[in-house]
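>>> okay, predicted coordinates and the sequence, questions at the end:
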Amino acid sequence: MTLITTTAELHAHLAKYSDLYFAKIEGVAFPKGPLPNLAEATFQDCDFNGSSTFGGDITSAQFVDCRMTNMTLSRAHLFGAQFIRCDLSGTRFEDCDLSAAEFIDCTIATTRFHHCDFEAAQARGCDVEIAGLIPGVAALAA
């Protein structure tokens with residue numbers, strides 16, 4: 001697993017590879033604009049403010065303590081993704097596959113979900129209880 005801890009390391013990695021599959025990224029601020037594929041990657045304390053993806057593969061990625069504000073995720077594949085203590089304020093999920101995704105202790109009050117698949121998705125401890133509000137989202141046991 002590749003460990004990336006600076007923006008310079010991120011740029012060097014993306015110059016060599018077109019994605020972040022299986023990488024571990026800590027404390028990096030991502031540039032605004034399109035994201036590479038992030039499947040199976042782990043993100044800790046990262047800033048994604050203003051980033052976007054169209055059709056990106058974010059399957060089984062884990063986001064912990066990340067700032068994911070004002071993002072646009074369109075037709076992204078987020079099957080099994082985990083969002084733990086993330087700020088998703090102002091982010092738009094459009095036509096995304098959020099099947100089996102988990103939202104734990106997240107800020108999502110101003111997050112917008114449009115035409116997303118939430119089959120077997122779960123939520124717990126978020127500032128707005130999405131379980132029951134969005135079809136297919138189940139509350140996690142405490």
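Yep, it's here. Numbering: from 1, shown residues only.
>>> just the strands in this structure please.
3-4, 24-26, 33-34, 42-44, 51-54, 62-64, 72-74, 82-84, 92-94, 102-104, 112-114, 121-124, 137-139 (DSSP state E).
>>> mind listing the helices for the chain?
7-16 (DSSP state H).
>>> tell me where the model's unsure across it.
129-142 (pLDDT under 70).
>>> most remote residue from it's center?
Each residue of the chain has a distance to the centre, and by CA atoms, centre = their mean the biggest one is for residue 16: 23.3 Å.
>>> residues contacting that one?
Counting by CB atoms under 8 Å, 6 or more residues apart in numbering, residue 16 touches no other residue. From N, CA and C alone the C-beta is placed, and that goes for glycine too.
>>> what does the one 3 residues further on give?
Contacts here follow CB under 8 Å, 6+ apart; on that basis residue 19 touches 36-39, 57.
>>> if we go to 6 Å?
36-37 (CB atoms under 6 Å, 6 or more residues apart in numbering).
>>> how about residue 116?
93, 96, 98.
>>> how about residue 104?
Per CB under 6 Å, 6+ apart, neighbours of residue 104: 84, 124.
>>> what sits opposite it in the beta ladder?
residue 84, residue 124 (DSSP bridges).
>>> separation between residue 122 and residue 12?
Per CB to CB, to the nearest Å, residue 122 is found 36 Å from residue 12.
>>> more neighbours, the two?
Legend: neighbour count by other CB atoms under 10 Å for residue 122 and residue 12, higher for residue 122 (18 against 12).
>>> that one contacts residue 102, correct?
Yes - judged on CB atoms under 6 Å, residue 122 makes contact with residue 102 at a distance of 5.0 Å.
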